[in-house]
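> Quick one: sequence plus predicted model below, questions after.
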Amino acid sequence: MLSTIRNRLVSPRINKMVMQAARPSQFYSTKPLIKLNPKLYDPVPVNGNGFVRLVDHMPRVISAPLYCDAAIPEMARISYGGTSENDTPKPRKKSTDEALIRYLMRNYHTSPFEAVEFKFHLKIPIFVERQLIRHRTANVNQISGRYSILPDDYYIPEKIRKQSSDNKQGSQGVVDETNHVERLLAASFRERCRNRTGHKQYETLVKHNVAKEMARITLPQNIMTELYWKIDLHNLLHFLYLRQDTHAQEEIRDVANVLFSIVKDVCPVSTQAFLDYRMNSVTFTACELQAIRMKNLSCIPTKREKQEFKNKSKLLGLDWIEK
């Protein structure tokens, strides 16, 4: 009885949409389904002995030319029914889908980008993982030092950067190893990073029945860890916007660059739109727009904001700003 009433309450239009959703999708490609080059799933070296490896993606079965990007217009079009007037969905041109993806990115309609998901296997130093985990929009599972004996595997930087003179959390330049004093400093730094004595002490503690969860706290932040990291495309692009920036620490920036190099192969349209409308674009505040109209910086309140405005304005060739 209840099922009969429920069926009567569902409109014919909704029933039609459900039937069409159950069919193989034809909205974005009429070409046969193919798989990408298997090298896409190979580990890409990063951070010394570390790597980034694409494990899986949704949609899993994808086809040229849009690959995973095809899920974005498909999800977006459900907002207005997503089909034509008749029962058979019409295939859409790549140019139509591409224009829609770029429109969504340009106008910050972000939900459809969440239709694409990625699962990565990463091997990175603990201090890089700490920055990765700050982005709380991913699902993570990581090797446990309570269950496992952690291997003698540490990140040893090739170059040792110096402290930035104007950025408390940044670096600037590298230690000059042609200089005798700085060469000794670099050698001492790398020896500390290798942690030979410290790791032997850790193994001795475990051998003498100290709990692994206690012994591990003696290990430094540059020990390598492994984790699975699952994230949707929208939040991944936000992560890349922050971590590919020149202000990000070099090691996490290297990881972000590898992630982007992988994702751009399976999301060619959305990543290009991301470059066009996020990474390589410039936005102006209300105060900055007023300054442009007035050709006067007095309406910009702070010294730092003025400098940021000058940096952006160089891209537009606003010569009056330097006068």
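Thanks, I have it. Residues are numbered from 1 along each chain as shown.

> what's around A138, how many residues?
By the criterion of other C-beta atoms under 10 Å, A138 has 19 neighbours. No exception for glycine: its C-beta is placed from N, CA and C like everyone else's.

> Name the nearest residue to it, sequence neighbours excluded.
Nearest residue to A138, sequence neighbours excluded (C-beta to C-beta, 6 or more residues apart in numbering): I231, at 4.0 Å.

> Run through who's touching whichever strand or helix holds the one you found.
Element membership of I231, judged by DSSP states H and E, is strand 224-232. Under the contact criterion C-beta atoms under 8 Å, 6 or more residues apart in numbering, strand 224-232 has outside partners 47-50, 55, 113-126, 129, 132, 135, 137-143, 151, 153-155, 239.

> Identify each buried residue in it, please.
224-229, 231-232 (16 or more other C-beta atoms under 10 Å).

> Spell out the residue ranges of the strands in the stretch 101-250 of the chain.
In the stretch 101-250 of the chain, the strands defined using DSSP state E, counting those that start in this stretch lie at 117-125, 139-142, 161-163, 171-174, 224-232.

> Select, out of the ones you listed, the one closest to D254.
The closest of these to D254 is strand 117-125. By C-beta to C-beta, the value is 9.4 Å.

> What are the contacting residues of the closest one?
For strand 117-125, the external contacting residues (C-beta under 8 Å, 6+ apart) are 43, 46-58, 129, 132, 154-155, 221-233, 236, 251, 255, 259, 262-263.

> out of those, which are buried?
The neighbour-count criterion (16+ other C-beta under 10 Å) marks 46-48, 50-54, 57-58, 129, 132, 154-155, 222-229, 231-233, 236, 251, 255, 259, 262-263 among those as buried.

> follow-up on the earlier one: the contacts of strand 117-125 in helices, which ones?
Using DSSP state H, the subset of those located in helices is 129, 132, 233, 236, 251, 255, 259, 262-263.

> quick one: which two of those are the most distant?
Distance extremes for the ones in helices among the contacts of strand 117-125: the farthest pair is L233 and E251 at 23.6 Å, using C-beta to C-beta.

> tell me which helix or strand of this structure sits lowest on mean pLDDT?
Using mean pLDDT, DSSP states H and E, the weakest-scoring helix or strand in the chain turns out to be helix 12-21, at a mean of 39.

> Quick one: the helices in the stretch 151-300 of the chain, in order.
Per DSSP state H, counting those that start in this stretch, the stretch 151-300 of the chain carries helices over the ranges 180-194, 196-207, 212-215, 233-243, 250-266, 268-274, 286-294.

> Quick one: those helices as a markdown table, columns for mean pLDDT and distance to I101 too.
Formatted as a markdown table, these follow (pLDDT from 0 to 100; distance: least, C-beta to C-beta, whole Å):
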| stretch | mean pLDDT | distance to I101 |
| --- | --- | --- |
| helix 180-194 | 96 | 44 |
| helix 196-207 | 98 | 48 |
| helix 212-215 | 98 | 47 |
| helix 233-243 | 98 | 11 |
| helix 250-266 | 97 | 13 |
| helix 268-274 | 97 | 5 |
| helix 286-294 | 92 | 28 |
